[in-house]
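Participant: Give me coordinates for this.
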Amino acid sequence: MKQKLRVILILLVIYGVCTAIASVSAEEVQSEDTLDSNMSIDYADPSFWLSLPSIEKEVDVFYVYPTVSSNENGSMNITDDEERSLANCIFDAQASIYEPYGNVFAPYYRQMSTAVNAGPGMLATDTDEFKQGAADVEEAFEYYITTRN
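Facilitator: Below you'll find the predicted structure:
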């Protein structure tokens, strides 16, 4: 029996941050509040995915959208409809091109917003906001690898 080879195309443009201490679902979060940076996102909850397709194609694409948020608190509020709309628009402009050819997975994540100012001598990747988003993406990718791949 011939096994199918599933190819994973990872498009990582990471801009966000998180530390895994507690889990929370979208229903537990008020839309005007950002998830606490000490909470991990429960990526088993489909509401935390911009795109969570059924497996129909032999190729998977894991897409991480670029910075779309200008949230003044420094991180994208992934439960806010306006912030989600920005992520959806960039997904449509960039990642939808892969949909005819692959299963495109795209998590919402608490990316670093354009409102973050790194201190003198700091890189953007040194900020807590960037680290939170990177941890969210890592957690989403781990969920994808263990449950969807």
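Participant: And for E129, the neighbour number?
Facilitator: 25 (other CB atoms under 10 Å). Placement of C-beta: from N, CA and C, glycine included.
Participant: any idea which element it lies in?
Facilitator: Here E129, judged by DSSP states H and E, is contained in helix 128-147.
Participant: Are there helices or strands packed against that helix, and which ones?
Facilitator: Counting contacts by 3 or more CB pairs under 8 Å, 6 or more residues apart in numbering; DSSP states H and E, helix 128-147 packs against strand 39-41, strand 59-63, strand 103-107.
Participant: what do you get if the cut-off is 10 Å, keeping everything else the same?
Facilitator: strand 7-11, strand 39-41, strand 49-51, strand 59-63, strand 103-107 (3 or more CB pairs under 10 Å, 6 or more residues apart in numbering; DSSP states H and E).
Participant: Next up, the contacts around L123.
Facilitator: Under the criterion of CB atoms under 10 Å, 6 or more residues apart in numbering, the neighbours of L123 are F130.
Participant: any idea how far it is from V116?
Facilitator: Per CB to CB, to the nearest Å, L123 is found 11 Å from V116.
Participant: where do the contact lists of the two overlap?
Facilitator: With CB under 10 Å, 6+ apart as the test, L123 and V116 both reach F130.
Participant: I'd say Y143 and Y109 touch.
Facilitator: No. If you go by CB atoms under 10 Å, Y143 and Y109 don't touch, sitting 11.8 Å apart.
Participant: out of these two, which sits in the more crowded spot?
Facilitator: Remark: of Y143 and Y109, Y109 carries more neighbours, 29 against 20, as counted by other CB under 10 Å.
Participant: nearest residue to the more buried one other than its sequence neighbours?
Facilitator: Sequence neighbours aside, D136 is the residue nearest to Y109 in space, at 3.7 Å (criterion: CB to CB, 6 or more residues apart in numbering).
Participant: Relative to P53, how far out is that neighbour?
Facilitator: For D136, the distance to P53 equals 20 Å [CB to CB].
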